[in-house]
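**Q** can't give you the sequence, but here's the structure:
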């Protein structure tokens, strides 16, 4: 994708899909979904779009928000409403970060002024629909538990009926790819859920809902170094490139995804991971385009 000469059709496709999915979200909001129904109640719809999850719906619209803002500003409202309907405050934080980044890099005083009411309304809506304090408190418990397991290089896996197993790791390489989903749910006892924990009926955290922490758990210190290297490369390329409008848009979209991933999982969900790969590919394409444009301009001069 980074070698594409023109991606306008791709941007148009992203916008079109975002609009189509929002149409389904509206139908779901009014319990008129013609395709899907809630697992809990077959007579009810659930506001999950085509992706089947509140969090992933929010993460998706956080990713496309800067693109909608740039190419068709009125459609930016779609992202805001979709995240409100999804009740995903992490995605809301992602949209706010993406919007602020866009306003700063575009040097738009109007958008910077508009950011203040958007931030106030965003915080109010997130607290009303998602109970930020309770959600953050619950997530922080699993984050603390996961980080502690990594630094101790040991996890006590409880299989029930008194059967337990100790799994160890090397801090340099972590517990291994995909290990969180296999190991962690069976180790989240009273340290995460408190007293009265019941092994049979209490649901578990299949993911840490923070990609950085889960990445640390699975890949260790060496993995974190590689990840930070990739992030540094993205920032360096953006910093050194001519700031074309579309380069700024893709970079702001990556910022929105990164912020959202601190409260929901992106890498382990197909639609969110696809959007990350898509936006990253577009970013590298825009970097190449910015370099070509700068070289041609310099040659003409």
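**A** Arrived safely, thanks for sending. None of these values were measured; they are calculated from a predicted model.

**Q** separation between residue 281 and residue 136?
**A** 32 Å (CB to CB, to the nearest Å). The way it works is simple: take the backbone N, C-alpha and C, and place the C-beta from them, glycine included.

**Q** Kindly report the same for residue 207.
**A** For residue 207, the distance to residue 136 (CB to CB) stands at 16 Å.

**Q** Of the two, which one has the most company?
**A** Higher neighbour count among residue 207 and residue 136: residue 207, with 21 against 15, using other CB atoms under 10 Å.

**Q** Can you tell me the SS state at that one?
**A** Following DSSP: H, G, I helix; E, B strand; the rest coil, we place residue 207 in the coil state.

**Q** Check it and give its pLDDT.
**A** Looking at residue 207, its pLDDT reads 92.

**Q** Could you do residue 242 as well?
**A** Taking residue 242 on its own, its pLDDT is 91.

**Q** Let's verify the residue nearest to it when sequence neighbours are not counted: helix, strand, or coil?
**A** For residue 242, ignoring the flanking residues on the chain, the nearest one in space by CB to CB, 6 or more residues apart in numbering is residue 290 at 4.3 Å. What three-state DSSP gives for residue 290 is helix.

**Q** quick one, strands of the chain?
**A** Under the criterion DSSP state E, the chain contains strands at 154-160, 163-168.

**Q** Which residues belonging to the longest one are considered buried?
**A** For strand 154-160, the neighbour count (16 or more other CB atoms under 10 Å) marks 155, 158 as buried.

**Q** Quick one: list the elements packing against it.
**A** Using 3 or more CB pairs under 8 Å, 6 or more residues apart in numbering; DSSP states H and E as the contact test, the elements touching strand 154-160 are strand 163-168.

**Q** ditto for the last one
**A** Strand 163-168 makes packing contacts with strand 154-160 when contacts are defined by 3+ CB pairs under 8 Å, 6+ apart.

**Q** contact partners of the strand it packs on?
**A** Around strand 154-160, the neighbours that count as contacts under CB atoms under 8 Å, 6 or more residues apart in numbering are 149, 164-169, 175, 183-184, 186-187, 189, 199-200.

**Q** rerun that using 7 Å as the cut-off
**A** Here strand 154-160 makes contact (CB atoms under 7 Å, 6 or more residues apart in numbering) with 149, 164, 165, 166, 167, 168, 183, 186, 187, 189, 199.

**Q** quick one, what contacts the residue nearest to residue 246 when sequence neighbours are not counted?
**A** Nearest residue to residue 246 in three dimensions, chain neighbours excluded: residue 286, at 5.0 Å (CB to CB, 6+ apart). If a contact means CB under 7 Å, 6+ apart, then residue 286 has 244, 246, 247, 250 as its contacts.

**Q** and residue 70, how many residues sit next to it?
**A** So residue 70, with other CB under 10 Å, has 19 neighbours.

**Q** check contacts around it.
**A** Applying CB under 7 Å, 6+ apart, we find residue 70 in contact with 245, 249.

**Q** And the pLDDT at the residue nearest to residue 242?
**A** pLDDT, residue 290: 82.

**Q** do residue 220 as well
**A** For residue 220, pLDDT reads 96.

**Q** what sits against the nearest residue to it once chain neighbours are set aside?
**A** In space, and not counting its chain neighbours, residue 220 is closest to residue 174: 3.3 Å by CB to CB, 6+ apart. For residue 174, the contact set (CB under 7 Å, 6+ apart) comprises 150, 216, 217, 218, 219, 220, 223.
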